[in-house]
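1. have a look at this prediction, sequence included:
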Amino acid sequence: MAAILGGGLGGLSTAYYLLKNNVSNNNNLRLFLLEATNYCGGWIKSIKTKDYIFEQGPRTIRPKGITGLNTLNMMEDLGLSEHLSPVSADHPAAKNRMIYVNQHLHTLPSSLKGVFQKNLPFSKPLIYALFNDITQPYKQLQDDSIYNFVERRFGKEIADYAISPMICGICAGDAKEISVKFLMKTLFEWEQNHGGVVKGMMKSIFKSKSGEELELSNLAKKAQEEKWNVYTIKGGLETFPVTLCEFLKQSEVDVNLNTRIEDLEFMDSSTVLLKNSNGEKLKVNHVYSSIPAYSLAKLVQKQHPELSQYLNDIPFVTVGIVNLYFATDKELVAPAFGFLVPPIENSPILGVVFDSCCTPHQNGTVLTVMLGGRWFKEKFGDNVTEKKLLDVAVQEINKILNIKEKPSVYNVNILEKCIPQYVIGHYERVGKIRQYIHDNNLPISLVGSSYDGVGINDVIYSAKKQVEEDCT
């Protein structure tokens, strides 16, 4: 018997891959999925009406790379192929991505030609950043912030206006704190091993590529052939975890909602005793934890305080989400994915997504404003109200996009400690956590966004790899 803590995408995916492994190996493993709330899907939530969809968390998925293709394989297996809505590479939502600098919106280059042209707010064509890399010395480092790395190799403007807002958009974090290995591990290794990114890139061209192979579904092949940039699901992204949860139930996974685990005791190397808030006990052979690192830290603190401290050292940030719907036929925004705001602008918002451009079948204009993140407490204090966040969002939309209309409908959500921050040393810290578990022979595996990637594809793929590792 195995228990999976958490019914977010990490926990659901773990159960999915355990099922697949059990079927292929003719095993009969009983699975319990334990979710503290009344809902499976974690931060993925969609509010749907006939006129609009409000996404509370992620809204699109990238199909690129082995992790993206792996997710598409799962989508096809769950029967979701016909429900996907792709955004192709030539769509405005793919090409038009903006940043807000010096009180103006600037479209970032989206083609090779654009790299050779001067685009504000950059003072030179982006190609000059490569010349900077060629002439700069390198520091021998174990890790570095992604901001420091980019500033050193490509210049301060690239760090301020390209990388910093991108980090805000991906994890609501500060590029000056986030590890370079979070997004640019290969580039960092090129610098460390060859003295520069361009040098490393040139040498890698002549090396044979040896990566993991993945058998592609028809859906994954279609996404490659049609050059999908991102995709979403008709009716809201929540359809994905809901469908996955139903699949698990039909496959006889014991899904328990409103089941908060308050005590976890490792009895020996193959026995774990779990106790929920009602005092009920469950004895299993192995635990897969997909709950946030800080939540797991509380459960292991009594028996393993050192492990608890390692887990608590992974920081998380809070994000405010304000969804706005304007019921008007008037075009309020130009077709684009949206815009991000670099931290150097000292704005209370991280950016705005133009949902009515990214997601089909929306009437009127739908926008989502993201606020706070790494700077949530600094900008809003400890007791911010939803009304305050709404007022700030509407004020910023008015100022930046010149939208004078009042929203017809709005929704405000404060996502407490929702995104882990992979700060400098994160991967070494996760290595210590897993080494501690190995050295103490604890029957627990770690999945979810706290450890191996914060994106949807990362979470799903890390669950797959962890299950494969445990079952070999």
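-> Good, I have the coordinates.

2. now residue 251: how far from residue 8?
-> Using Cβ to Cβ, to the nearest Å, one gets 19 Å for the distance from residue 251 to residue 8. Placement of C-beta: from N, CA and C, glycine included.

3. could you do residue 38 as well?
-> 14 Å.

4. those two: which has the busier surroundings?
-> Taking other Cβ atoms under 10 Å, residue 38 and residue 8 do not tie; residue 8 has more neighbours (24 against 8).

5. residues near the residue nearest to residue 386 when sequence neighbours are not counted, how many?
-> Distances taken as Cβ to Cβ, 6 or more residues apart in numbering put residue 412 closest to residue 386, at 3.9 Å, once the chain neighbours are dropped. Residue 412: 18 surrounding residues under other Cβ under 10 Å.

6. is residue 412 in a helix, a strand, or coil?
-> strand (DSSP: H, G, I helix; E, B strand; the rest coil).

7. show me the domain layout of the chain.
-> Split into domains by automatic domain parsing, the chain comes to 2-40+63-79+237-314+423-470, 127-205, 316-420.

8. show me where the chain dips below the pLDDT cut-off.
-> The model of the chain has pLDDT under 70 over residues 23-26, 208-211.

9. may I see the buried residues of stretch 39-53?
-> 39, 40, 41, 42, 43, 44, 45, 46, 47, 52, 53 (16 or more other Cβ atoms under 10 Å).

10. state the distance from the closest residue to the last one other than its chain neighbours to residue 243.
-> So the one you mean is residue 53. On the basis of Cβ to Cβ, 6+ apart, the spatially nearest residue to residue 53 that is not a chain neighbour turns out to be residue 236, at 4.9 Å. The gap separating residue 236 from residue 243 is 12 Å, by Cβ to Cβ.

11. the two: which is more packed in?
-> residue 236 (20 against 17).

12. now do the contacts for the more buried one.
-> Residues in contact with residue 236 (Cβ atoms under 8 Å, 6 or more residues apart in numbering) are 46, 47, 48, 53, 55.

13. let's see it at 6 Å
-> 46, 48, 53 (Cβ atoms under 6 Å, 6 or more residues apart in numbering).

14. for the first one, which non-adjacent residue is spatially closest?
-> In space, and not counting its chain neighbours, residue 46 is closest to residue 236: 2.7 Å by Cβ to Cβ, 6+ apart.

15. which parts of the stretch 101-250 of the chain are strands?
-> Along the stretch 101-250 of the chain, the segments classed as strands by DSSP state E, counting those that start in this stretch run 104-107, 228-233.

16. wait, is residue 370 part of a helix?
-> No: using three-state DSSP, the assignment for residue 370 is strand, not a helix.

17. I'd say it and residue 348 touch.
-> No: applying Cβ atoms under 6 Å, one finds residue 370 not in contact with residue 348, separated by 10.5 Å.

18. overlap of the contact sets of those two?
-> Counting by Cβ under 6 Å, 6+ apart, nothing touches both residue 370 and residue 348.

19. any idea how far the host helix or strand of residue 353 is from the chain center?
-> Per DSSP states H and E, residue 353 falls inside strand 349-354. How far strand 349-354 lies from its chain's middle: 16 Å, per Cα atoms, centre = their mean, to the nearest Å.

20. which strands and helices lie in contact with the next helix or strand after it?
-> For strand 349-354, the following helix or strand on the C-terminal side (DSSP H and E) is helix 355-358. Other elements packing on helix 355-358 under the criterion 3 or more Cβ pairs under 6 Å, 6 or more residues apart in numbering; DSSP states H and E are strand 365-373.

21. for the strand it packs on, packing partners?
-> strand 316-326, strand 349-354, helix 355-358.
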